[in-house]
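**Q** Here is the input, now give the coordinates:
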Amino acid sequence: MRSELIMGIPVDNISYDNIIEDVSSYLDKQNKMTIVSINPQIVTESKKYPDIVDFIWRSTHRIPDGIGIVLVSRLTGGSIFDRVTGYDLMIRILAFANENKKRIFLYGAKPCILEDTVKNIKHSYPDLIVAGAIDGYNQLKEEEIVSHINESNSDMLFVALGFPRQEQWLARNIRELNVSIFQDVGGSFDVISGHVKRAPNIFIKFHLEWLYRSLSNPKRLGRILQLPIFLCKSIVWSMRKLNS
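**A** This is a model prediction of the structure:
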């Protein structure tokens with residue numbers, strides 16, 4: 001697995017199939033596999049959070065979750081040509097868990113969203129075990145959450161607290177968690193629960209889900225400018241690195 005730097009943040013050149021193969025291997029060896037999504041927002045803002053940068057560097061799989069990452073790689077002579085979206089990867093991991101009767105734990109989102117996420121996962125993947133679920137608005141202490149997760153004997157943990165909370169939470173607690181597969185999944189619970197519709201296929205086909213989400217939510221309109229700014233900053237960073 002090769003990786004490259006985008007504004008100092010490592011991103012792996014990896015496919016869905018590669019990751020699922022690794023999921024099986026890490027489970028067999030009972031090693032920890034950390035999957036973190038790398039998108040333009042995370043690259044642009046991560047420097048504000050040294051703990052997240054350190055966590056990304058220590059993670060085993062840094063997926064190119066965003067067309068902006070792919071474009072920068074292409075424009076700067078990199079080798080990343082395909083996206084690996086956090087949502088689609090979670091769906092594939094759930095399918096693997098279902099086929100192999102694995103135990104999963106869900107942490108994050110609003111209570112109503114989490115409840116519907118659990119219900120829909122159980123319906124779509126009847127052979128996996130939802131060993132536990134805790135919403136992101138609970139009043140538990142971090143050590144209590146870790147204890148609940150460990151007591152569940154889960155094989156996989158999906159954390160949906162959004163950036164930067166989910167990365168910071170994992171960075172603080174991953175050493176104490178007795179789980180093999182970790183994935184930060186952002187708003188994936190929103191979609192799985194049915195509370196948020198995924199972008200129409202035409203947007204997905206042309207890698208414009210980010211634009212659909214921005215247009216659908218007035219609070220996200222400012223992110224429309226984020227991609228061109230990210231592209232410019234990344235290309236300038238790459239040119240300076242080559243000339244240094």
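**Q** Follow the chain on from the helix or strand of the chain with the lowest mean pLDDT and name the next helix or strand.
**A** One helix or strand of the chain scores below all others by mean pLDDT, DSSP states H and E: helix 209-216, with a mean of 55. Using DSSP states H and E, the helix or strand that follows helix 209-216 in sequence is helix 226-243.
**Q** Tell me which stretches of this structure form strands.
**A** Assigned by DSSP state E, the strands in the chain fall at 2-6, 9-13, 33-38, 61-64, 103-108, 129-134, 156-160, 181-184.
**Q** From the contact counts, what lies against the second one?
**A** By that I understand strand 9-13. Contacts defined by 3 or more C-beta pairs under 8 Å, 6 or more residues apart in numbering; DSSP states H and E place strand 9-13 against strand 2-6, strand 33-38, helix 50-58, strand 61-64. Any C-beta I mention is one placed from the backbone N, CA and C, and that applies to glycine too.
**Q** The shortest one pairs with which strands, and in what direction?
**A** Meaning strand 61-64. Partners of strand 61-64 in the sheet, by DSSP bridges, are strand 33-38 (parallel).
**Q** Alpha carbons of the partner strand, as CSV, please.
**A** Output in CSV follows, covering the C-alpha atoms of strand 33-38 (Å, rounded to 0.1, in the frame of the first residue of the first chain):
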residue,chain,number,x,y,z
MET,A,33,-7.0,-1.5,12.1
THR,A,34,-7.8,2.2,12.1
ILE,A,35,-9.6,3.6,9.1
VAL,A,36,-9.7,7.4,8.9
SER,A,37,-11.3,9.4,6.1
ILE,A,38,-9.2,12.1,4.5
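**Q** buried stuff in that strand?
**A** The neighbour-count check on strand 33-38 (16 or more other C-beta atoms under 10 Å) flags 33-38 as buried.
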